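Undergrad: Show me how the following folds:
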Amino acid sequence: MTLPTRWEERRGQRGPDGNGTVATMGRLRARILIAGMVALATVGITPAATAESGIDSRWSEPGPYAVTVEALDSAHTVYRPSRLEKHPVILWGNGTGANPKIYDGLLRHLASHGFVVAAADTPNAGSGQEMLAGATTLIAKNSRPGSPYQGKIDTAHIGATGHSQGGGGAIAAGADSRVTTTIPIEPGPQGSAAALKGPSFFLGGQLDTIVVPGLLVIPRYRLADQVPAIYGELRGATHFTPVGDGGGFRGAITAWFRFWLSGDERARAEFFGPSCGLCDDGAWSDVRRNAKALAVPGA
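TA: The predicted structure is shown next:
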């Protein structure tokens, strides 16, 4: 069997549709996933692995903003720059059985880079609706006189991301026209990749035995051929690497959102053009770009 190159998907090859392997394996692994996330929430967080060089070292350091964490409404926790200017939004979905505190380091990190992160306070974010409700609240507060968010939310730039079931929720939320880019992290089977509206960055863990990349992530990446899509598989990562501060995923997640939501041109070369930084980064065991991603100009 001839394998694709590390950075370019072979043309004409598609994975199973939403009624095939993705859905079937998702059902088979559901109880394992629930048990794992509940155990994680109960016993604590194992320190996540980090890369020493490459994209992670360039984007994994805290950003320039001090961070405030508070209730956004009765169903969301917001992580935001303490001094609000005008900021893009990231919608966050937790893994099964988890809550935003499990991912506190990652969410604080994203806020320090200038994002208002609306984290759904639910252990079941797979429908995407719980995440989208955070966008609805922020958009309403943006136009409400006297609100601390009045005029401070960039409603044209809203991203969605989440881990495990929350990653599936991010795919589901990404079908909403308000969501302009999506990062499913080791995603569950929820949502339709073919319905995504904006550029998408699918993340898998090389050693993930719960959301196995070849069965549950790569096939969904392949289905997202209507948008620029990239698949990145972190070397040595397990299903629990993203918890806490995001581990080796943190820098790539930050760079993707800085480019697509904040217009930070420094991040373009990490993903696009012939000298794509992610593609040559040894911390990633597999990187693939679809035709639309290959067409995005490099730096």
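
Undergrad: Report the buried residues of stretch 216-226.
TA: Leu216, Val217, Ile218, Pro219, Arg220, Tyr221, Arg222, Leu223, Ala224 (16 or more other Cβ atoms under 10 Å). C-beta coordinates here come from the backbone N, C-alpha and C atoms, glycine included.

Undergrad: Now do the end-to-end distance for stretch 237-255.
TA: In stretch 237-255, first residue to last residue: 19 Å (Cα to Cα, to the nearest Å).

Undergrad: Partner strands of the strand ranked longest in the chain, with direction?
TA: Criterion DSSP state E: the longest strand present in the chain is strand 153-163. Note on strand 153-163: by DSSP bridges, its sheet partners are strand 87-93 (parallel), strand 181-185 (parallel).

Undergrad: Please list the outside residues in contact with the last one.
TA: By Cβ atoms under 8 Å, 6 or more residues apart in numbering, the surrounding residues in contact with strand 181-185 are 159-164, 166-168, 170-171, 173-174, 191, 196, 198-203, 217, 220, 242, 249, 253, 256-257, 260-261.

Undergrad: How about stretch 82-90?
TA: Stretch 82-90 is contacted by residues 65-68, 80-81, 110, 114-118, 134-135, 138, 148-149, 151-155, 157-161, 257, 261-262 when judged by Cβ under 8 Å, 6+ apart.

Undergrad: buried residues in it?
TA: Leu84, His87, Pro88, Val89, Ile90.

Undergrad: still on that earlier bit, got the strands paired with strand 153-163 as JSON lines, with mean pLDDT and distance to Leu207 columns?
TA: As requested, these are exported to JSON lines (pLDDT from 0 to 100; distance: least, Cβ to Cβ, whole Å):
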{"stretch": "strand 87-93", "mean pLDDT": "98", "distance to Leu207": "23"}
{"stretch": "strand 181-185", "mean pLDDT": "98", "distance to Leu207": "15"}
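
Undergrad: Output those strands in CSV, with distance to Lys101 appended to each entry.
TA: Formatted as CSV, the strands paired with strand 153-163 follow (distance: least, Cβ to Cβ, whole Å):
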stretch, distance to Lys101
strand 87-93, 12
strand 181-185, 17
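
Undergrad: ok, back up a step: save the buried residues of stretch 82-90 as CSV, and put in distance to Val211 too.
TA: Shown next, in CSV, are those (distance: Cβ to Cβ, whole Å):
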residue, distance to Val211
Leu84, 35
His87, 30
Pro88, 27
Val89, 26
Ile90, 21
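
Undergrad: With that, I have no additional questions.
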